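> need coordinates for the below:
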Amino acid sequence: MTAPANTLAPQGPVHRIHPAEVPGALVKPGAEPILKATDIEKWFRMNHVLKGCSMTVYPAETITIHYDRRENLVAMGVLPPPVVVRAPEAFPAWRPGFVADPPRR
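As a prediction, this is how the structure comes out:
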């Protein structure tokens, strides 16, 4: 006896709507979600900033995700500081120009 064909297919993650995920005031009662995103993962270089996030979007809703400015994220240690690449300088203190005349004796 074999299992039904539909049970052999690999199943993805189950999207569960959190009780706090209630539709906004502009959504008609009983409206079905138009988007379900489950187990969202996001990395910025070495920083794992979203871990298993899920969201549900209903019709007539506006969803906004805000990130802080890069400078603030660097100051908090979330992102590494930017790397400045410069060409090597043989005489870094030397600047082209003239030297002042020696004092008179």
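> tell me the SS of Val49?
strand (DSSP: H, G, I helix; E, B strand; the rest coil).
> which residues does the nearest residue to it once chain neighbours are set aside contact?
Nearest non-adjacent residue to Val49, counting by C-beta to C-beta, 6 or more residues apart in numbering: Lys42, 5.3 Å away. (Glycine included, C-beta is placed from N, CA and C.) Taking C-beta atoms under 8 Å, 6 or more residues apart in numbering, we find Lys42 in contact with His48, Val49, Leu50.
> now these as CSV including pLDDT and distance to Ala31?
As requested, the contacts of Lys42 are exported to CSV (pLDDT from 0 to 100; distance: C-beta to C-beta, whole Å):
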residue, pLDDT, distance to Ala31
His48, 83, 33
Val49, 80, 30
Leu50, 80, 26
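> got TSV for those residues, with distance to Leu35 and neighbour count too?
TSV is the format used below for the contacts of Lys42 (distance: C-beta to C-beta, whole Å; neighbours: other C-beta atoms under 10 Å):
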residue	distance to Leu35	neighbour count
His48	23	9
Val49	20	13
Leu50	16	12
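> which of those sits closest to Lys28?
Leu50 (29.7 Å; C-beta to C-beta).
> got a list of what that closest one touches?
Contacts of Leu50 (C-beta under 8 Å, 6+ apart): Ile40, Glu41, Lys42.
> from these, which land in helices?
Using DSSP state H, no member of these sits in helices.
> TSV for the residues you listed, including distance to Arg16 and pLDDT?
Formatted as TSV, the contacts of Leu50 follow (distance: C-beta to C-beta, whole Å; pLDDT from 0 to 100):
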residue	distance to Arg16	pLDDT
Ile40	14	84
Glu41	17	87
Lys42	20	85
